[in-house]
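Enquirer: Just the structure for this:
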Amino acid sequence: MINPQNFEIQTEVSPAYYGQILDFIYKYYLFPQPDRFITIKNNASKGYISFVLDVSLSKKDKISESVSDTLGSKRALYGENDSANGSTIKGKIESGEKINVTLTPEGDVPKKVLDQLAEDIFVAVQLYEENIRQSTIYFAWVEGQDIIPEKPPSVRKKASKRLFGSSLLLFYVLFFGINIILFIFIGLYAVIFILLIQLVIVLLSDKLYGRMGEWKITPENPNVHIIQYQLPEDEYKFFKENLGENALMKVKKEIYDNSLAKGISPMCDVGEEVLSKYGFHCNPSRRRSRVINVYNIVKEAADKFGLPVPKIIVSNNMLPNAAATGPSPKRGLVLITTGLLVQLDEEEILSVIGHEMGHLIGRDPLILLSIVSGEFILRLTILLPLVLISPIIYIIVAMGLIFFVAKFFEARADILSSNVIGKPEILAEALRKIGYQRLQFERMPSYRISSWIMWDPHPPIYFRIKRLEKLKNADKIENPLIQSAKDVFQGFKDSFRG
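Expert: Residues are numbered from 1 along each chain as shown. All right, here's what the predicted structure looks like:
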């Protein structure tokens, strides 16, 4: 018998949408599965939904539609279930500033079925929030610094952020093409030239990456202010159809000019003047605001790691992300997006920053530079015959191995955050929030395997979450890197088992 499972899901939506979250879960997840959910009571008007899930399925009925199926994307694999007839899970979902979920299993219910149900409900909430984000006007600013309205990420900015990430591996991929050109023009001198360029890139990585953000966070200006105004979906559709794709940005710029540019917070009375020109009104119940002391969060993480506080840069875009780079812990830089600050609470932000501090204290950029430089030298000496026989196959295999090794360092950063910050379950929750879409894909065995071998320095999200949730006594791990390498190999091996 499994004990009742109670958990909370933090939500970023305004009070006006609390009931709609329940309606969304009912409409797109519970109602389309009458063979599973044998009893559903939609009491959204009273702030809750209750249901009974029948888990006594035959082996033939082992795949069920998830909320993602209804929206036209993925499938959720529950796995075979040999439970006796009569096994059920009674559930209750209560909406508010936090979504409270209670799941009570009755009979012989496999834990993986209970966990899958909990994850489906979590994903349903995230999908609803993603819909709301599409029609949300965000305002962010840092005290004492220039007001910079959010802009759609340009192709150049997206490319540069991918090139100069904490691992810099994509930058090295680009070098495969560049070094061929250099060899044509300067011959063997290209070896020294390319190695020097790679070294300079790492040594200047903090300065290069620092140019990708809008604001610098300092002890004098530590706070990031975020205000969200969430337009009703029907109004937003009308708004977009009549005014065009970029209309929301234009409206936002007007509100900036009438508020923040004049030193005034963009409250409803200020936004009303602009919104009314387009036929909309500012409803305070659709508004949320937060003030996050980013400097204190990063400082707390740095203090726990025994590191100096790195440079802190905030990028004003809604993609949830954080990265750290720098040639050494003393010259580290942490970049945080406003999207990460919107989607995570302060404990989750701290755990993510702890992961980035793990990269800095481990000197991962320099280590990965050494690995890539070593491969480069081997490619031109011992391995040159293989390169000449099939350069394309060599590049695919060599880069695949380098990215696979990079997963050791990402897994180690998870352990270091868990050890020093002390909350692996919080980091797991943060990863689940910002990676829920990829997590849904990784339910499919074919995608799960490919996620291990693709050119990505991060291990699959499902692996990282499962590993963090099982992680006990991280401080007793003698060598986090060796342990991480073992875990990554084991995770890759297990992916073939389904």
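
Enquirer: Dig out what Y229 forms beta bridges with.
Expert: Beta-bridge partners of Y229, counted by DSSP bridges, are I137, R287.

Enquirer: Pretty sure it sits against C282.
Expert: Yes - proximity of Y229 to C282 meets the contact threshold set by Cβ atoms under 8 Å, at 6.7 Å. C-beta here means a position set from N, CA and C on the backbone, and glycine is covered the same way.

Enquirer: between those two, which one's more packed in?
Expert: The neighbour comparison of Y229 against C282 (other Cβ atoms under 10 Å) goes to Y229, with 25 against 21.

Enquirer: For K252, see how far away that one is.
Expert: Shown here: Y229 relative to K252, a distance of 9 Å by Cβ to Cβ, to the nearest Å.

Enquirer: Next: L204.
Expert: From L204 over to K252 (counting by Cβ to Cβ), the distance is 34 Å.

Enquirer: do the same with W455
Expert: Taken as Cβ to Cβ, the spacing of W455 relative to K252 amounts to 35 Å.

Enquirer: Tell me where the protein is predicted with low confidence.
Expert: Applying pLDDT under 70 to the chain flags residues 1-4, 57-86, 146-180, 183-184, 187-188, 243-249, 267-272, 278-281, 498.

Enquirer: one step back: in terms of neighbours, single out the busier of L204 and K252.
Expert: Neighbour count, other Cβ under 10 Å: between L204 and K252, K252 has more, with 20 against 15.

Enquirer: Secondary structure element holding that one?
Expert: Element membership for K252, per DSSP states H and E: helix 247-258.

Enquirer: Please name the nearest non-neighbouring residue to the most centrally placed residue in the chain.
Expert: For the chain, the residue sitting closest to the mean C-alpha position, by Cα atoms, centre = their mean, is I434 at 2.8 Å. Taking Cβ to Cβ, 6 or more residues apart in numbering as the measure, I434 lies nearest to P320, with 4.3 Å between them; neighbours along the chain are not counted.

Enquirer: contacting residues for the residue lying closest to I477 once chain neighbours are set aside?
Expert: For I477, the nearest residue in space outside its immediate sequence neighbours is Q483; the separation is 5.1 Å by Cβ to Cβ, 6+ apart. Residues in contact with Q483 (Cβ atoms under 8 Å, 6 or more residues apart in numbering) are R412, I415, I477.

Enquirer: same question, I349
Expert: Applying Cβ under 8 Å, 6+ apart, we find I349 in contact with I292, V294, I297, I336, L340, L341, A430.

Enquirer: Tell me the spacing between it and Q230.
Expert: From I349 over to Q230 the distance is 22 Å, taken as Cβ to Cβ.

Enquirer: If you count neighbours, what's buried in the top helix by length along the chain?
Expert: Scanning the chain for the helix with the most residues, using DSSP state H, yields helix 391-420. Applying a neighbour-count criterion of 16 or more other Cβ atoms under 10 Å, one finds 394, 398-399, 402-420 buried in helix 391-420.

Enquirer: all strands for the protein, in order.
Expert: Taking DSSP state E as the criterion, the chain carries its strands at 5-10, 37-43, 48-54, 63-64, 76-77, 88-94, 98-106, 136-142, 215-217, 223-230, 287-293, 311-315, 322-325, 333-337.

Enquirer: Give the pairing partners of the first one; include direction for each.
Expert: Using DSSP bridges, strand 5-10 pairs in its sheet with strand 98-106 (antiparallel).

Enquirer: the inter-axis angle of the partner strand versus strand 88-94?
Expert: The directions of strand 98-106 and strand 88-94 differ by 170 degrees, with axes from the mean of the first three to the mean of the last three Cα atoms, to 10 degrees as the criterion.

Enquirer: Give the buried residues for strand 98-106.
Expert: I99, V101, L103, T104, P105.

Enquirer: Same question for stretch 37-50.
Expert: F37, I40, N42, A44, Y48, I49.

Enquirer: Columns distance to Y462 on top of the residues you listed, output as a markdown table?
Expert: Conversion of those to a markdown table gives the following (distance: Cβ to Cβ, whole Å):
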| residue | distance to Y462 |
| --- | --- |
| F37 | 25 |
| I40 | 28 |
| N42 | 31 |
| A44 | 31 |
| Y48 | 30 |
| I49 | 27 |
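
Enquirer: between the residues you listed, which is nearest D115?
Expert: In terms of Cβ to Cβ, no member of the buried residues of stretch 37-50 lies closer to D115 than F37, at 17.4 Å.

Enquirer: Would you mind confirming that the closest one is in contact with F51?
Expert: Yes - proximity of F37 to F51 meets the contact threshold set by Cβ under 8 Å, at 5.0 Å.

Enquirer: what touches both of these two?
Expert: In terms of Cβ under 8 Å, 6+ apart, F37 and F51 are both contacted by the residues L30.

Enquirer: May I have the residues that are in contact with V52?
Expert: F37, I38, T39, I40, T88, I89, K90, G91.

Enquirer: I313: how many residues sit nearby?
Expert: Neighbouring residues of I313 were enumerated by other Cβ under 10 Å; the total is 21.

Enquirer: Kindly apply the preceding question to K486 instead.
Expert: A total of 13 residues lie near K486 under the criterion other Cβ under 10 Å.

Enquirer: quick one: contacts for it?
Expert: Under the criterion of Cβ under 8 Å, 6+ apart, K486 has no neighbours.

Enquirer: I appreciate the help and will end here.
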